[in-house]
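Student: Sequence below, structure please.
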Amino acid sequence: ELAGLLEMLDVDYVIGSVHFIDGWGFDNPETASRFEDENLELLYARHFSLVQRAARSGLFDMIGHPDNIKVFGYRPDEGLLGELYRETARAFKEAGVATEVNTGLAYRYPV
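Tutor: Sure thing, here's the model as predicted:
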């Protein structure tokens with residue numbers, strides 16, 4: 001559906017980003033309490049699999065804020081995230097997509 005919409009546009013580039021996981025708008029302050037009930041390791045794995053899928057979709061030139069899952073400070077042990085980051089970087093490289101460099105999370109949230 002998105003591919004069809006994008007075909008109708010004359011744009012220089014397309015930025016994709018993940019803001020929902022299985023219908024949950026995880027970066028919405030009104031739903032942030034749901035993090036308390038989530039297995040953070042599984043949640044991050046799901047999030048980064050969606051980011052990788054977006055990168056590989058061929059729809060986007062760039063992926064915006066790929067780590068916005070951290071927005072409210074809920075994080076598994078950082079040592080567990082290294083492989084997710086490496087897999088995601090490989091997906092970006094293989095798909096030829098860039099990532100946005102955005103400091104918005106740093107100045108608006110404690111990330």
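Student: Can you pull out the low-pLDDT segments for this structure?
Tutor: Filtered on pLDDT under 70, the chain yields the residue ranges 105-107, 109-111.
Student: what element comes up after the longest helix along it heading to the C-terminus?
Tutor: In the chain, taking DSSP state H as the definition, the longest helix is helix 40-56. For helix 40-56, the following helix or strand on the C-terminal side (DSSP states H and E) is strand 62-63.
Student: got the CA positions of the helix or strand following that following strand in CSV?
Tutor: Beyond strand 62-63 on the C-terminal side, the first helix or strand identified by DSSP H and E is helix 82-95. Listed next in CSV are the C-alpha coordinates belonging to helix 82-95 (Å, rounded to 0.1, in the frame of the first residue of the first chain):
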residue,chain,number,x,y,z
GLY,A,82,25.1,-4.9,20.9
GLU,A,83,24.2,-7.7,18.6
LEU,A,84,20.9,-6.0,17.8
TYR,A,85,22.7,-2.8,16.8
ARG,A,86,25.2,-4.7,14.7
GLU,A,87,22.5,-6.7,12.9
THR,A,88,20.7,-3.4,12.3
ALA,A,89,23.8,-1.7,10.9
ARG,A,90,24.3,-4.7,8.6
ALA,A,91,20.7,-4.4,7.4
PHE,A,92,21.3,-0.7,6.6
LYS,A,93,24.5,-1.4,4.8
GLU,A,94,23.0,-4.3,2.7
ALA,A,95,19.9,-2.3,1.8
